[in-house]
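Asks: quick one, what's the 3D model for this:
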Amino acid sequence: MNTVFDVAVIGAGSTGATIAAMLAERQIKVVLLEKELPASTGASAWSGGIFRQYEPDLSLLALARLVFDSPVVEKAIRNSRHKTGVEIQISSAQYQNFRTQLSESALFDEKGKKQILAGLVLMGEKGDVLRLEDREGGYSAVRKYVTDLCSYVRQQAVLLDRTEIFKVESVTDQLHLHTNNSIIRARYIVDACGAGAPYHERWKEFTRALSLFPACILNLLLKNQ
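Replies: Here you go, the predicted structure:
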């Protein structure tokens, strides 16, 4: 394979598949690499996919509420989500602390804050424990989400599964990924391998070669085109 890609995304889980699909949607030359099969390992394979409005870490809550500028990703989200409502049990002090932090947070506008609180309905209480119904909560079929996005990447870009990377070299303005099948050449690499990657201590060179741009790579590439 002699093609030079703009981006090589390593890891075909929910994060990698999302990034690769968004890049492919914008006609950026991308390859998605997975050492096993998409969504077959890690958090994407074993996640229960529960989503909810209540999240004590407001930075994670803000991230979860992001609206993607991507029809492909939005469609995959709609087709994999099942809004059933979720029951949450927390102490009254925890809930009050959540409300206080939310009211003071600059991560949400007033409309967003009202939506979050309106979705949390008190069902009852016993002692200091509150039972809340999170009406916007439910679960996602994570494997379906990843599979749908990977199908799109296969059609519009390149997806290579059962492809393991053994070595990464920096050559002039490219990064060369040596795999069990070929050498992949790319301008940038996105590490979407998960919290446990890189896999071995001996891959220190691999770690240094990685360019971690999951948040800004899209704008960077569009600017440079």
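Asks: return the helix or strand in this protein with minimum mean pLDDT.
Replies: Within the chain, no helix or strand scores below helix 204-209, which has a mean of 46 by mean pLDDT, DSSP states H and E.
Asks: ok, what's across the strand from the nearest residue to residue 88 once chain neighbours are set aside?
Replies: Once flanking residues are discounted, residue 88 sits nearest to residue 132: 4.6 Å by Cβ to Cβ, 6 or more residues apart in numbering. (Glycine included, C-beta is placed from N, CA and C.) Counting by DSSP bridges, residue 132 forms beta bridges with residue 88, residue 122.
Asks: okay, now the unreliable bits of this structure?
Replies: 1-2, 195-225 (pLDDT under 70).
Asks: roughly how far does the residue located most distally from the centre of it sit from residue 118?
Replies: The outermost residue of the chain relative to its centre, with distances by Cα atoms, centre = their mean, is residue 127 at 38.2 Å. Using Cβ to Cβ, to the nearest Å, residue 127 is found at 26 Å from residue 118.
Asks: the longest strand in the chain is where?
Replies: As assigned by DSSP state E, the longest strand anywhere in the chain is strand 183-191.
Asks: counting by contacts, list what it packs against.
Replies: Applying 3 or more Cβ pairs under 8 Å, 6 or more residues apart in numbering; DSSP states H and E, we find strand 183-191 packed against strand 4-10, strand 30-33, strand 174-179, helix 217-224.
Asks: tell me the strands beside it, with direction?
Replies: Here strand 183-191 has these sheet partners by DSSP bridges: strand 4-10 (parallel), strand 174-179 (antiparallel).
Asks: flag every buried residue along the last one.
Replies: Neighbour counts over strand 174-179 (16 or more other Cβ atoms under 10 Å) mark 175-177, 179 as buried.
Asks: could you do the first one as well?
Replies: Neighbour-count burial for strand 4-10, counted by 16+ other Cβ under 10 Å, picks out 5-10.
Asks: got the contact list for it?
Replies: For strand 4-10, contacts defined as Cβ atoms under 8 Å, 6 or more residues apart in numbering pick out 16, 19-20, 23, 28-33, 158, 165, 174-175, 177, 184-193, 197, 217, 221.
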